[in-house]
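Chemist: coordinates only, sequence not included:
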Ligand SMILES: [Mg+2]
């Protein structure tokens, strides 16, 4: 069965269905820098339509939730940020209790990293719970990584953080056992969802694919996962998902069909 046939059931029961999607590379084309990434008017319109129809529409991102919200530009969606450790729900910011101490730690981490990389083409992004090092714009990606890795080791010795590697980004985030999957599961249970679609393109989305599959084993629950293919996406993302979509355009097409 293709993804459309599989989702007919979801479309028929919007009151118990949640639609979750990653942002960068899934709802928006990958841009040169995180700041220049944007969501098209068409995608924004589709998300608005989905929100009117389905029980939960969640944007799930490695970005901070307020940054994801700014980028999408819609007030009343659920924004799960920082890979699941904080979220905005009904306009209000929430943090998982385990991460609150990181709010105080993050500014000094960011300052230290900025000192190391000021004279390079590596960009240090400040996050409220950690920091990210972007080398997408680096002329020599291997050389950039060779600069990044030893500094990251130093920071790990000093801060209780862990490393998450994405596409041309190395991120320091709270070393707690929470990921995108855990937070989504909590939402599914709290909202009494019976069906969930999750779309993503990054290796961190695999956590969500797997968590939803685990939930299927214990609850009366149906999960469908879709990986968005791109030149940069790891093959393991596609392997971990039920279906593949060719790119952001196919995601929009699918979501529009679900929204109508
Ligand atoms: Mg992504």
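Modeler: Yep, it's here. Predicted model, so just to flag it, every value in this text is computed and none were measured.
Chemist: what number of residues lie near the closest residue to the ion within the stretch 151-260 of the chain?
Modeler: Across the stretch 151-260 of the chain, the shortest distance to the ion (Cβ to the ion) belongs to residue 202, at 3.9 Å. Placement of C-beta: from N, CA and C, glycine included. By other Cβ atoms under 10 Å, the residues close to residue 202 number 27.
Chemist: cool, the one 3 residues further on as well?
Modeler: With neighbours defined by other Cβ under 10 Å, the count for residue 205 comes to 31.
Chemist: check for me that residue 87 belongs to a helix.
Modeler: No - per DSSP: H, G, I helix; E, B strand; the rest coil, residue 87 lies outside any helix segment and is strand.
Chemist: isn't it up against residue 64?
Modeler: No - Residue 87 is not in contact with residue 64 according to Cβ atoms under 8 Å; the separation is 10.1 Å.
Chemist: shared neighbours of these two, anything?
Modeler: Shared contacts of residue 87 and residue 64, defined by Cβ atoms under 8 Å, 6 or more residues apart in numbering, comprise residue 81.
Chemist: rewinding a little: the residue of the stretch 151-260 of the chain closest to the ion contacts residue 25, doesn't it?
Modeler: Yes - here residue 202 lies in contact with residue 25, judged by Cβ under 8 Å, at a distance of 6.5 Å.
Chemist: can you tell if stretch 57-66 touches the ion?
Modeler: No - Stretch 57-66 is not in contact with the ion by Cβ under 5 Å from the ion; minimum separation 7.2 Å.
Chemist: quote the end-to-end distance of that stretch.
Modeler: Counting by Cα to Cα, to the nearest Å, you get 16 Å between the two ends of stretch 57-66.
Chemist: average pLDDT for that stretch?
Modeler: The average pLDDT within stretch 57-66 is 94.
Chemist: which residues does residue 121 contact?
Modeler: By Cβ under 8 Å, 6+ apart, residue 121 lies in contact with 135, 137, 138, 139, 144.
Chemist: assign the residue of the stretch 151-260 of the chain closest to the ion to helix, strand or coil.
Modeler: At residue 202 the chain is in coil, as set by three-state DSSP.
Chemist: look up how far residue 26 lies from the nearest residue to it once chain neighbours are set aside.
Modeler: Nearest non-adjacent residue to residue 202, counting by Cβ to Cβ, 6 or more residues apart in numbering: residue 166, 5.8 Å away. Counting by Cβ to Cβ, to the nearest Å, the separation of residue 166 from residue 26 is 13 Å.
Chemist: which one's more surrounded, those two?
Modeler: Comparing residue 166 with residue 26 by other Cβ under 10 Å, the one with more neighbours is residue 26, at 28 against 18.
Chemist: and that one, what are its phi and psi?
Modeler: Phi and psi for residue 26, reported as degrees, to the nearest 10, are phi -120, psi -50.
Chemist: run a quick check on it versus residue 228, I expect a contact.
Modeler: Yes - Residue 26 is within contact range of residue 228, at 5.0 Å (criterion: Cβ under 8 Å).
Chemist: what's the overlap in contacts for the two?
Modeler: Common neighbours of residue 26 and residue 228 (Cβ under 8 Å, 6+ apart) are 199, 200, 201, 248, 251.
Chemist: residue contacts, residue 182?
Modeler: Neighbour list for residue 182: 84, 207, 211 [criterion: Cβ under 8 Å, 6+ apart].
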